[in-house]
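Colleague: model this:
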Amino acid sequence: MSDEVVTGSTFGGMEWIPNYVSNLDQKKCIACGRCFKVCPRDVFTLVEKDGLVVAAEDDDDDWDDDDDESMVMIISNDLDCIGCEACSKVCPKDCFTHVPKKVA
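Modeller: All right, here's what the predicted structure looks like:
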């Protein structure tokens with residue numbers, strides 16, 4: 001596998017490196033829906049917290065099951081992400097992690 005990353009270009013010919021969504025910290029998420037509204041590719045879905053399984057290493061006291069907020073955003077279509085990072089730009093809680101993808 002190459003160390004080269006996927007690159008794009010603007011209409012004006014400038015090269016840029018897309019950074020694709022790789023993680024959404026659901027403990028920080030307040031289910032505001034801003035990422036859902038701004039995403040041009042329907043990468044996210046709002047779901048009830050009750051239906052989520054928290055990984056064992058993430059199982060700490062930060063997750064408040066008694067919250068009034070019973071919804072949380074999830075990454076449902078990560079393969080549709082175009083790397084624009086619009087979700088991170090509108091997120092008030094800094095929930096997202098993005099990474100460039102290596103060329104296969």
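
Colleague: what's the spacing between Lys89 and Gly13?
Modeller: 24 Å (Cβ to Cβ, to the nearest Å). Yep, even glycine has a C-beta here, placed from its N, CA and C like the rest.

Colleague: of the two, who's got more company?
Modeller: Lys89 (11 against 6; other Cβ atoms under 10 Å).

Colleague: so what's that one up against?
Modeller: Residues near Lys89 by Cβ atoms under 8 Å, 6 or more residues apart in numbering: Val38.

Colleague: now swap in Pro40 and tell me
Modeller: Ile82, Cys84, Ala86.

Colleague: for Ala104, give me the pLDDT.
Modeller: Ala104 is assigned 84 on the pLDDT scale.

Colleague: burial of it, as a residue count?
Modeller: 7.

Colleague: quick one: it from Lys27, how far?
Modeller: 32 Å.

Colleague: ok, Cys95 next?
Modeller: 9 Å.

Colleague: can you check Pro100 too?
Modeller: Taking Cβ to Cβ, one finds Pro100 at 25 Å from Lys27.

Colleague: ok, Arg34 next?
Modeller: 17 Å.

Colleague: surely Lys101 meets Tyr20?
Modeller: Yes: Lys101 sits in contact with Tyr20 when judged by Cβ atoms under 8 Å, with a separation of 5.7 Å.

Colleague: any stretches of the protein with poor pLDDT?
Modeller: For the chain, the stretches with pLDDT under 70 are 1, 51-69.

Colleague: where do the helices of it begin and end?
Modeller: 34-38, 86-90 (DSSP state H).

Colleague: tell me the buried residues in the first one?
Modeller: The neighbour-count criterion (16 or more other Cβ atoms under 10 Å) identifies Arg34, Cys35, Phe36 as the buried residues of helix 34-38.

Colleague: same question, the last one
Modeller: Neighbour-count burial for helix 86-90, counted by 16+ other Cβ under 10 Å, picks out Ala86, Cys87, Ser88, Val90.
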